[in-house]
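> A structural model of the following input is requested.
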Amino acid sequence: MEGVSEALSGVPARWWHALDDGRIQCDLCPRDCKLHEGQRGACFVRAMQDGAMILTTYGRSSGFCIDPIEKKPLNNFYPGSSILSFGTAGCNLVCKFCQNWDISKSRDMDRLMDQASPKAIAHAAKQHGAHSVAFTYNDPVIFAEYAMDTADACHALGVKTVAVTAGYMHLPPARAFFARMDAANIDLKAFSDDFYAQLCGGKLQAILDLLCVVHHETDCWLELTTLLIPGKNDSDAELQALCTWVARELGPDVPLHFSAFHPDWRMRDIPATPPATLGRARRIAMDAGLRYVYTGNVHDQAGGQTLCPGCGQPVVQRDWYRILGYALDETGHCRHCGTSVAGRYGVFGKPFGPQRIPIRLHAA
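I've put the predicted structure just below:
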C-alpha cells in the first residue's frame, strides 16, 4: 500500500467496506488492501477519502489509439476490425516482466493528460469507425467503474467492448465487470504458484477461478495469453499442465496465445523467447486438444492462422496483425466445409491492417 497523500481527488468507488478500527478494506481484488484516511491501495488509484473509497483515475487516460483487434490479442473476435484502445495508470500486480511498465507502474498522475467521459469515448469510437473499445495498456480491473460506465455508453451506440487484463479480481466484482464486456483477453501468466507469488505478487488459483466464472457464467468471449519467459514458465511439464487444465476446465474452443517475451522492466537479464519455444508450446497445446492456438510478438504465419476444426483448412491467414486470407461467412462458418468456427463474427470487409493511429479526445 502507498503512504498517505495530502491531496486526493476522484469519484466514489464500489466494492469496499468499513472496518472497526476506522480503516476501510477494498474488496475489488485478492490484495484486500486495508486503508487509512488519505492512503492509496497497492494499485495506487483506489484510495480512502472522507471515510469512503474513491477511484482517482476516473475520466483520465494515458492516451487513446485506434489499433487492429489482433493486437489485443483477439483472433476469434471480429477479425480485421479496428478498436479504440485506452488505459489509465497503476496496476494491482507487480509483474517484474511487465511490458507496459511505464504506464502500469506509473505513480505520476500528470501522465494522465487525456480526459474524456464514457460518452465521449463511445462517440469517438463511433466517429472513427472503431468496432470496439478496449480497456488496456494497464489493467482495467483497477478502474472497473470507469470501464463499466464506458461499456454502457458504448453499447448504447452499438460499439463492442473488450477487456485486456490479468484477471486478478474477486469473483463478485468480476461477475459485474465481465457482464459488461463483449470479449476479454486474460493473461494466464504461468501454471505455477511460485511464479505468481515471486514474479507477480499474486495467486494462481484466483486467476483459475476467475477464468471459469468468465467462461461459464457470462457471455463474454474469452481468449487467453501466456507470455513465455525462458527458464521461468516454458518447460514441457508446465505447458502440458496449463494446456490440459484449459482443455478440461474451459474446453477446446477457448483460444490460447503464446507470446514472446523481450527483456524489460526488472527482468532485463533474461533473453528474448526463441521462436522455437513458441512453436513447441503451440504443438503441446494442440496435442492437448485445443483447437485455436496462436503465437504472438513474432512473424509466424503458421502460428497466426485460424484453422477450421472440421477440415483443417486455414480460414483466417495472418502475418502478425495483417490478414492475408479470409474464408469464413458472416456467421463464422468455414467456406470450405461449413463447420462452425468458435468466436464472434460478422460481415468481413476491408481489414484495418497493422496501422496504429493515435487520437486525442476532449472532456465531455
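> from here on, contacts and neighbour counts on C-alpha atoms
Fine.
> show me how the chain divides into domains.
11-55, 73-298 (automatic domain parsing).
> lowest average pLDDT across the ones you listed?
Least confidently modelled of those is domain 73-298, at a mean of 93 by mean pLDDT.
> secondary structure class of the residue most central in space within the chain, three-state.
Nearest residue to the geometric centre of the chain (CA atoms, centre = their mean): Val164, 1.4 Å. Following DSSP: H, G, I helix; E, B strand; the rest coil, Val164 is assigned to strand.
> would you mind writing the CA trace of stretch 351-362 as PDB?
What follows is stretch 351-362, C-alpha atoms only, in PDB (Å, rounded to 0.1, in the frame of the first residue of the first chain):
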ATOM      1  CA  PRO A 351      -9.300  -5.300 -42.800                       C
ATOM      2  CA  PHE A 352      -8.000  -2.500 -40.700                       C
ATOM      3  CA  GLY A 353      -4.400  -3.700 -41.100                       C
ATOM      4  CA  PRO A 354      -1.400  -3.200 -38.800                       C
ATOM      5  CA  GLN A 355      -1.600   0.500 -38.500                       C
ATOM      6  CA  ARG A 356      -1.700   2.400 -35.200                       C
ATOM      7  CA  ILE A 357      -3.500   5.700 -35.100                       C
ATOM      8  CA  PRO A 358      -3.200   7.900 -32.000                       C
ATOM      9  CA  ILE A 359      -6.100  10.200 -31.400                       C
ATOM     10  CA  ARG A 360      -7.000  13.000 -28.900                       C
ATOM     11  CA  LEU A 361     -10.200  13.300 -27.100                       C
ATOM     12  CA  HIS A 362     -11.600  16.200 -25.200                       C
END
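> which residues in the stretch 151-300 of the chain form strands?
All strands of the stretch 151-300 of the chain, identified by DSSP state E, counting those that start in this stretch, fall at 160-165, 183-187, 221-228, 256-260, 293-296.
> now do the helices in the stretch 1-150 of the chain.
Counting by DSSP state H, counting those that start in this stretch, the stretch 1-150 of the chain has helices at residues 101-104, 118-127, 144-156.
> for the ones you listed, give me TSV that also has distance to Ala52 and mean neighbour count.
Shown next, in TSV, are the helices of the stretch 1-150 of the chain (distance: least, CA to CA, whole Å; neighbours: other CA atoms under 10 Å):
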stretch	distance to Ala52	mean neighbour count
helix 101-104	24	20
helix 118-127	23	20
helix 144-156	15	21
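> Tyr58: which of those is closest?
helix 144-156 (5.5 Å; CA to CA).
> and that closest one with helix 118-127, angle?
40 degrees (axes from the mean of the first three to the mean of the last three CA atoms, to 10 degrees).
> now Cys33: how far from Gln25?
6 Å (CA to CA, to the nearest Å).
> and Asp234, by the same measure?
37 Å.
> repeat for Ser61
In terms of CA to CA, Ser61 sits 26 Å off from Gln25.
> measure Leu290 to Ile142 for me?
To Ile142, Leu290 is 31 Å away according to CA to CA.
> what is the neighbour count of the closest residue in space to Leu204 that isn't next to it in sequence?
Spatial nearest neighbour of Leu204, chain neighbours left out: Asp193 (5.4 Å); criterion: CA to CA, 6 or more residues apart in numbering. The tally of other residues near Asp193 (other CA atoms under 10 Å) stands at 12.
> for Gly59, same thing?
Considering only other CA under 10 Å, Gly59 is surrounded by 23 other residues.
> hmm, back to that, what sits opposite the residue nearest to the centre of the chain in the beta ladder?
With DSSP bridges applied, Val164 shows beta-bridge pairing to Asn185.
> distance-wise, check Phe178 relative to Phe135.
Distance from Phe178 to Phe135, counting by CA to CA: 12 Å.
> these two: which is more packed in?
The residue with more neighbours, out of Phe178 and Phe135, is Phe135; 28 against 25, by other CA under 10 Å.
> for that one, give me its contacts.
Contacts here follow CA atoms under 8 Å, 6 or more residues apart in numbering; on that basis Phe135 touches 85-87, 147, 161-164.
> out of these, who's nearest Gly343?
Checking the contacts of Phe135 against Gly343 by CA to CA gives Val162 as the nearest, at 13.7 Å.
> test my guess that that closest one contacts Ile186.
No. Between Val162 and Ile186 there is no contact under CA atoms under 8 Å: 10.5 Å.
> who has more neighbours out of those two?
Val162 (30 against 24).
> now for the more buried one: which residues touch it?
Applying CA under 8 Å, 6+ apart, we find Val162 in contact with 132-135, 181-185.
> ditto for Ala179
218-220.
> just the buried ones from those?
Neighbour counting over the contacts of Ala179 (16 or more other CA atoms under 10 Å) leaves 218, 220 as the buried ones.
> number of nearby residues for Ile270?
Other residues lying near Ile270 total 16 when counted by other CA under 10 Å.
> so it touches Phe97, yeah?
No. Using CA under 8 Å as the test, Ile270 is too far from Phe97 to be in contact (9.5 Å).
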